[in-house]
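In: Give me a 3D structure for the following:
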Amino acid sequence: MLNIEEIKCLVENHRTELIRAADRIWDFAEERFTEFQSSKLQMDILKSHGFTVTTPCAALPTAFQAQYGNGHPVIGLLGEYDALPGLFWPADSTSSAPAKCQTDVQKCGHGCGHNLLGIGALGAALAAKDYMEKEQLKGTIIYYGCPAEENAAGKALMIDAGFFSGTDICLSWHPNYKTGIFNNSLANCRVSYCFHGTSAHAAQSPHMGRSALDACELMSVGVNYLREHMIDEARIHFAYLNSGGTAPNIIPAEAEVFYAIRAPRTDQAEELKERVNNIARGAALMTETTWKLMKNASMKVFSPIRCWTVWC
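Out: Got it, this is the predicted structure:
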């Protein structure tokens, strides 16, 4: 019989080390694919506790796996540690809106508790390893250091690289207002649409301009009408990456919008993406602009691996 109190004690044994590591990752605040200090810190901790640590993919230098034990079950624990630009926040601030100096505006910071996500999973790996040793249990614990969770599909790239081959189950966790276990997730496609038009002075020669920003806005209108004709479980979100500048009297020659297209199955997300592509084509025709899909790490459709998330 699993002794919950005993497990809690095993976690508490690592409290000081884990809090110190979480604080340091908060200070590192490294953006996607550049989490070199954050990943090294965790690798060093895991090595010191007897885990075998490897970085299997040269193309993903901040992704790693740390393994203890052998045989089945093979239990994966997913940790994240990337930060986002513009989310800088002073540590231990008691203000809901602390003053930011101009140099802080674009500094990275941890959204959604990402300085805690990796360390929480790492703590689970250490406690599980201690329990396996104490009870002389067979099985394998693998902690996966997952970079670029924020808007770059880091885990999809790890799947392509074979990180999760042979894993029986993967567990992650995320802060929430209640504790529970959830296993519902959506296949996810991230696509950037870049429109190119012709710049002109909006007052003196508006007839000479072809607005790329107009194309983005018309695309958004089209996608909004698409929502009425897609399955209930699907989701479409977008954010502007380039709005064409800050001068209202200059017709934007370039604008870019970033879409997240989600559905329960990969084939459904692929089909929905093609419908969104058609809307982009229509927006370009209406504005006499051109458009293209921007090639980046996020332009993938990926389905969830067998992963259960514990919300705490």
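
In: Okay, and Cys194 sits in which element?
Out: Here Cys194, judged by DSSP states H and E, is contained in strand 187-196.

In: Average pLDDT for that strand, rounded please.
Out: This predicted structure assigns strand 187-196 an average pLDDT of 92.

In: Ok, stretch 256-273 next?
Out: In this model, stretch 256-273 has an average pLDDT of 94.

In: in it, what's buried?
Out: Applying a neighbour-count criterion of 16 or more other C-beta atoms under 10 Å, the buried positions in stretch 256-273 are 256-264, 266, 268-269, 272-273. C-beta coordinates here come from the backbone N, C-alpha and C atoms, glycine included.

In: what does it contact?
Out: Contact with stretch 256-273 is made by 151, 186-195, 216, 219-220, 223, 230-231, 233-242, 276, 294, 298, 301-303, as judged by C-beta atoms under 8 Å, 6 or more residues apart in numbering.

In: Only whichever of the residues you listed are buried, select them in ChimeraX.
Out: Selecting in ChimeraX just the buried members of the contacts of stretch 256-273, where the criterion is 16+ other C-beta under 10 Å, is done with this command:
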select :151,186,187,188,189,190,191,192,193,194,195,216,219,220,223,230,234,236,238,242,276,298,301,302,303
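
In: And for Thr16, the neighbour number?
Out: Neighbour count for Thr16, taken as other C-beta atoms under 10 Å: 9.

In: host element of it?
Out: Thr16 belongs to helix 15-28 when assigned by DSSP H and E.

In: Mind giving me the packing neighbours of that helix?
Out: Packing partners of helix 15-28 (3 or more C-beta pairs under 8 Å, 6 or more residues apart in numbering; DSSP states H and E): helix 36-48, helix 114-135.

In: Where does the prediction get shaky in the chain?
Out: By pLDDT under 70, the low-scoring segments of the chain are 1, 96-106, 151, 183, 295-312.

In: just the helices in it please.
Out: 4-12, 15-28, 36-48, 114-135, 154-160, 212-226, 266-287 (DSSP state H).

In: now the second one, how far from the chain's geometric center?
Out: Chain-centre distance of helix 15-28: 20 Å, with C-alpha atoms, centre = their mean, to the nearest Å.

In: What of the fifth one?
Out: Computed by C-alpha atoms, centre = their mean, the separation of helix 154-160 from the middle of its chain amounts to 11 Å.

In: Kindly report the same for the first one.
Out: Between the centre of helix 4-12 and the centre of its host chain there is 30 Å, according to C-alpha atoms, centre = their mean.

In: Contacts made by that helix with the rest, please.
Out: For helix 4-12, contacts defined as C-beta under 8 Å, 6+ apart pick out Gly123, Ala124, Leu126, Ala127, Asp130, Tyr131.

In: Any chance of a ChimeraX selection covering the buried ones in these?
Out: Typed into ChimeraX, the line below selects the buried ones among the contacts of helix 4-12, using 16+ other C-beta under 10 Å:
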select :123,124,126,127,130,131
